[in-house]
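Peer 1: sequence first, then the predicted structure:
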Amino acid sequence: MFNQKTVDKLSQAFNDVAASAVSKLDKDSPLAWAAGAVLGLYVGKKLVQKSFNMIDTICNRTYIYNICWEDPAVDLEILKITPDDVIFRICSAGDIVLDYAIEGPSKIVVCDMNQHQLWLFELKIRMLRDPKLTYDEWWAIWGSSDVNVALKVWKRMRHTMSAGGRKWWDGRIERVFRKGFGTSGSTGFATKLII
């Protein structure tokens, strides 16, 4: 192996050669412009790949939105939902979908590129459909993030979840409500940093 003195000499030699090459470079030559373009394309490609990797990482770990911040009142005023309507909507945290459901359309179809958003919405729906669920339990879970109530209701209704949703929430429900539902998900994490 090389000792430190040899490594230092090689490093200095490389720096000298690189500095000499850069100083002799004709910045107006077509070769310099082509090299700059190739370097720019390479860096651009890496930045785009990193962006997609970031989105993939965010979407494959958890839901992004724990609650919907938009006020659906304007939507409802414009849409004037009737029992004949079929609504297609991005799920997000599902709160807007629940608000639309109050208006009584014949059907609401939800989609989301993040499967975890759909499992969060499924959890809300399944809990709402639990015939034993009280208002106080609902508020304790979603409003106060009471982990004990969340676990009690989860044990009572988890069998109603899809296999994927059940598996995902089994490994997370206690942690999410113990740490606080309001600061869960990617936006919740960002909220913790801001507040």
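Peer 2: Great, that's in hand.
Peer 1: phi, psi of residue 161?
Peer 2: Dihedral pair for residue 161: phi -80, psi 160, per degrees, to the nearest 10.
Peer 1: work out for me the element the closest residue to it other than its chain neighbours sits within.
Peer 2: What sits nearest to residue 161 in space, not counting adjacent residues and going by C-beta to C-beta, 6 or more residues apart in numbering, is residue 126, at 5.6 Å. Backbone N, C-alpha and C define where each C-beta goes, glycine included. Using DSSP states H and E, residue 126 sits within helix 115-129.
Peer 1: which residues of the chain fall in strands?
Peer 2: 86-90, 107-111 (DSSP state E).
Peer 1: partners of the last one, with directions?
Peer 2: The strands beside strand 107-111 in its sheet (DSSP bridges) come out as strand 86-90 (parallel).
Peer 1: buried residues, the partner strand. List them.
Peer 2: residue 87 (16 or more other C-beta atoms under 10 Å).
Peer 1: now do stretch 166-178
Peer 2: Burial within stretch 166-178, assessed by neighbour count using 16+ other C-beta under 10 Å, is assigned to 166, 168, 169, 173, 176, 177.
Peer 1: and those, which is closest to residue 90?
Peer 2: Distance to residue 90, by C-beta to C-beta, is smallest for residue 168 among the buried residues of stretch 166-178, at 19.5 Å.
Peer 1: contacts only, for the residue lying closest to the closest one once chain neighbours are set aside.
Peer 2: Spatial nearest neighbour of residue 168, excluding adjacent residues (C-beta to C-beta, 6+ apart): residue 119 at 5.2 Å. Taking C-beta atoms under 8 Å, 6 or more residues apart in numbering, we find residue 119 in contact with 63, 162, 164, 165, 168, 169.
Peer 1: next one: residue 119 from residue 76, what distance?
Peer 2: 26 Å (C-beta to C-beta, to the nearest Å).
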